[in-house]
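**Q** I would like the atomic coordinates for the input below:
(one chain, ligands or ions: 1)
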Amino acid sequence: MIKNLFLVFCTVGLFVAAIQREQKNNSFSASTQLLADSVDVETGLALDPNFMIVKAQCTGCHSPKLILQHRFTRDEWLSKIRWMQRNHKLWDLGQTEKTVLDYLAKHYAPNQAAYSRREPLRNVKWYKLEE
Ligand code: HEC
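**A** So this is what the prediction gives:
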């Protein structure tokens, strides 16, 4: 009798654990979806109408991570492009140069964090710990 009761408890327990796991998995896929809406999953580059042009011009020679790791002003991005053209056989970007610069200045400017974190705390009230 007690043995049977034990078995019933175990079965119910497993069942509840399975449901909880299912719910966890669902929230995980929801957050990946959110990420996929703003960032290209393959390259990690920000998605906007100019993304494809930037992907075509800027990911042929090196990992897009080289872009993601940096924050530059528009002028600094331009000088990086000139530097690659002088030293690393980057081609003339032609009419797409303006588009590429618009995109880089919009998404990878100095004031943009490389990863998201919370805002700094404001109006913090400090107090002395008593000994
Ligand atoms: C023809 C090949 C080529 C293409 C296309 C190219 N790059 Fe580069 N890029 C390089 C090379 C080579 C380096 C140096 C890599 C290293 O140091 O390991 C580099 C380095 C960089 C760096 C790092 C600069 C630094 O100061 O360390 C950034 C940022 C960068 N590229 C951005 C871009 C962007 C934006 C584009 C699109 C306009 C682009 N690259 C297209 C060849 C290229």
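
**Q** near the ligand, which residues of this protein show up?
**A** On the criterion CB under 6 Å from any ligand atom, the ligand has as its neighbours in the chain the residues 57-58, 60-62, 66-67, 70, 80-81, 84, 88-90, 100, 104. Just so you know, the C-beta spots here come from the backbone N, C-alpha and C atoms, and that holds for glycine as well.

**Q** Drop anything exposed from the residues you listed.
**A** 57-58, 67, 80-81, 90, 100, 104 (16 or more other CB atoms under 10 Å).

**Q** Mind checking which of the residues you listed land in strands?
**A** Among these, no member falls in strands (DSSP state E).

**Q** Would you mind putting those residues into CSV with pLDDT and distance to residue 41 alongside?
**A** Formatted as CSV, the entries for these read as follows, by pLDDT from 0 to 100; distance: CB to CB, whole Å:
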residue, pLDDT, distance to residue 41
57, 98, 20
58, 98, 17
67, 97, 16
80, 98, 25
81, 98, 26
90, 98, 26
100, 98, 21
104, 97, 20
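
**Q** In helices, which of the residues you listed appear?
**A** By the criterion of DSSP state H, membership of these in helices covers 57-58, 67, 80-81, 100, 104.

**Q** count of neighbours near residue 54?
**A** Residue 54: 24 surrounding residues under other CB atoms under 10 Å.

**Q** In this structure it contacts residue 106, no?
**A** No - taking contact to mean CB atoms under 8 Å, the distance of 10.6 Å between residue 54 and residue 106 leaves them out of contact.

**Q** So which residues of the protein form helices?
**A** So, for the chain - with DSSP H - the helices run 2-38, 51-58, 65-68, 74-87, 96-107.

**Q** No further questions, thank you.
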